[in-house]
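Undergrad: With the sequence up front, the predicted model follows.
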Amino acid sequence: MAVAPPSHGEVMVMREASDTPTAKDRGANETGGADGPPLERSIGMTQMAFYGLGSMLGAGVYGLMGKAAGEMGNAIWMAFLVSMVAALLTGLSYASIASRYPKAAGAAYVTQRAYRQAALTYVVGLAVMCSGLTSVATQSRVVAANLQQLGVFDGVPVTLLAIGFLLLLAGIVFRGIRECMWLNIVCTVVEAGGLILVIVVGVGYWGSVDLMETPPPTDGGVGGVTALLLMQGAVLTFFSFIGFEDTLNVAEEVKNPRKVLPWGIMLAMVAATLIYIAVSITAVSVVPWRELSSAAGPLTEVVARAAPWFPPIAFLAITLFAVTNTALLNYITASRLAYGMAQQGLLPRFLRRVHPTRRTPHIAVLLLLALITGLALMGDITELASATVLLLLLVFSIVNGALVILKLRPEEPAGGFEVPIFVPILGAIVCAALLVNRFATGDWQAPVIAGAILAGILALYAVMRPRHVDDDDMMAIQQAEPAE
């Protein structure tokens, strides 16, 4: 039954939802058919929270603390707090979308449902996929380099190690979502454990410095905690929260997605924020911010001073788990995006095939393996990866706008997790402002690459001319197809 969208002044409401979603919520392939059985619903609340947390935590934060200290001084914690608020706006929008439309390729789905422009939907879906593919390719080479640094497989070329890692990763993703979730939990515990170790060994230093101290004008600062300084710090630390959007793409493998998905996103964001703030306070308490900003490994330096007994090489091992986790989750995201977009008619239909035993989109997994391997063989694609991350800001703006449109459309049913309409409005504004700020820095390399990627996606759309298929049409098509 359709429910009127919430008014502007309402507060966030949690509604109980049925444990069994409707046929339309489950997607056209839920009952199986010519493309195989549906994806396996096995992800519960704990796994979902770990999935979101693992997506946000990563090896990048280990170096980010030094850069943030250079801009914010001892007030790094405030930068993480402000960036969390900014990211939470879009996180809340994604949580609401997840409770309304629990589908794989959810961002593409809501874009089409709101704007009804297949070209825009195509751009959103492939932009997110490009970000995932470049991330996996980049992380594969980082894993290979770390293995060599640890003395494992010494003498084996980095490229060969990277390809071996990708084959192993593809095998796990093909094997099943349960195996992926358990590996994610192990990796998340290890990478979070590394950050918690920093807090534990350095908590005794808390209270020893002025946490409001910022770089003076002579050191390139603006003098004191100002709105400009907070904006600069938030722009830098905002990207440490990117990853929550990945949760939307496993919606068709979540038990009771209308409840589990939004709560999983929220729990993950709160946990990541608490960890980031505590680590930043610890870091500047143990190591003066000027020294922290110039340290090759900021958090390694913190532990070296607070706990000299801890072997520095252990952080390299922790980084290995963090990078592996990032690659794993991005691989899962990309494969489910391909599957979901094929379900929507935007990618070739063979990508929506599900393995009869493993219950995974095996064709999508294999095709993406070929694409990622090609990217990994290109060598250093750091700038390409940075450009695709930049595209996520554009996607966030579009998806926030889509939720605004859907909330204002009377016939749209409400979800199990509703937010006031100002949340997606502010989310779209914040993401657009961050995008504009990135252009204003004067470094045009990543924006130019991002523009080239967008042009390539549009050119591919013009060649393929895919037609978006609505839920009811897809259901009718599948019911008419003979089973293999």
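TA: Everything's here; your move.

Undergrad: lowest-confidence helix or strand of this protein?
TA: strand 13-14 (a mean of 39; mean pLDDT, DSSP states H and E).

Undergrad: List the buried residues in stretch 182-196.
TA: Within stretch 182-196, the residues scored as buried using 16 or more other C-beta atoms under 10 Å are 183-185, 187-192, 194-195. Heads up, the C-betas are built off the backbone N, CA and C, glycines and all.

Undergrad: Same question for stretch 156-175.
TA: Buried residues in stretch 156-175, counted by 16+ other C-beta under 10 Å: 158, 161-166, 169-170, 172-174.

Undergrad: hmm, who's touching that stretch?
TA: Here stretch 156-175 makes contact (C-beta atoms under 8 Å, 6 or more residues apart in numbering) with 136, 140-141, 143-145, 147-148, 153, 179-180, 183, 324, 327-328, 331-332, 335, 355, 358, 360, 362, 365-366, 368-369, 372-373, 376-377.

Undergrad: go on, stretch 301-320?
TA: So stretch 301-320 is contacted by 59, 62, 143, 146-147, 149-150, 190-191, 193-194, 197-198, 201-202, 204-205, 282-283, 286-287, 291-292, 295, 297, 299-300 (C-beta under 8 Å, 6+ apart).

Undergrad: Tell me how far the host helix or strand of I199 lies from the chain's centre.
TA: Element membership for I199, per DSSP states H and E: helix 177-202. Centroid displacement of helix 177-202 relative to its chain, using C-alpha atoms, centre = their mean, to the nearest Å, is 16 Å.

Undergrad: now for it, which elements pack on it?
TA: If you count contacts as 3 or more C-beta pairs under 8 Å, 6 or more residues apart in numbering; DSSP states H and E, helix 177-202 packs onto helix 45-56, helix 158-175, helix 257-286, helix 298-306, helix 313-343.

Undergrad: now these in CSV, with distance to D246 and mean pLDDT?
TA: Below are those laid out as CSV (distance: least, C-beta to C-beta, whole Å; pLDDT from 0 to 100):
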stretch, distance to D246, mean pLDDT
helix 45-56, 5, 94
helix 158-175, 13, 96
helix 257-286, 10, 94
helix 298-306, 24, 91
helix 313-343, 5, 92
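
Undergrad: closest to A114 out of these?
TA: helix 313-343 (16.2 Å; C-beta to C-beta).

Undergrad: how about the helix or strand following the closest one: buried residues?
TA: Note on helix 313-343: by DSSP H and E, the next helix or strand toward the C-terminus is helix 362-377. Buried residues in helix 362-377, counted by 16+ other C-beta under 10 Å: 362-365, 367-369, 371-373, 375-376.

Undergrad: next helix or strand past helix 362-377?
TA: Downstream of helix 362-377 (by DSSP H and E), the next one is helix 382-408.

Undergrad: what comes up buried for that next one?
TA: Buried residues in helix 382-408 (16+ other C-beta under 10 Å): 384-407.

Undergrad: dump the residue contacts of A107.
TA: Shown in contact with A107 (C-beta under 8 Å, 6+ apart): 97, 124-125, 128, 245, 248, 395, 399.

Undergrad: Among the residues you listed, name the ones in helices.
TA: Using DSSP state H, the subset of those located in helices is 97, 124-125, 128, 395, 399.

Undergrad: Looking at these, spot the one nearest T214.
TA: Minimum distance to T214 across those is 32.7 Å, recorded for V395 (C-beta to C-beta).

Undergrad: doesn't A127 make contact with that closest one?
TA: Yes - between V395 and A127 there is a contact at 5.4 Å, judged by C-beta atoms under 8 Å.

Undergrad: Show residues contacting stretch 265-273.
TA: Contacts of stretch 265-273 (C-beta under 8 Å, 6+ apart): 49-53, 55-57, 80-81, 84, 87-88, 91-92, 94-95, 98, 240-241, 244, 247.

Undergrad: Try it again at 6 Å.
TA: Under the contact criterion C-beta atoms under 6 Å, 6 or more residues apart in numbering, stretch 265-273 has outside partners 49, 52-53, 56, 84, 91, 95, 244, 247.

Undergrad: and of those, the nearest to Q232?
TA: Nearest to Q232, judged by C-beta to C-beta, of the contacts of stretch 265-273 is M84 at 15.8 Å.

Undergrad: For burial, what's the neighbour tally of the closest one?
TA: 22 (other C-beta atoms under 10 Å).

Undergrad: quick one: it from V250, how far?
TA: 23 Å (C-beta to C-beta, to the nearest Å).
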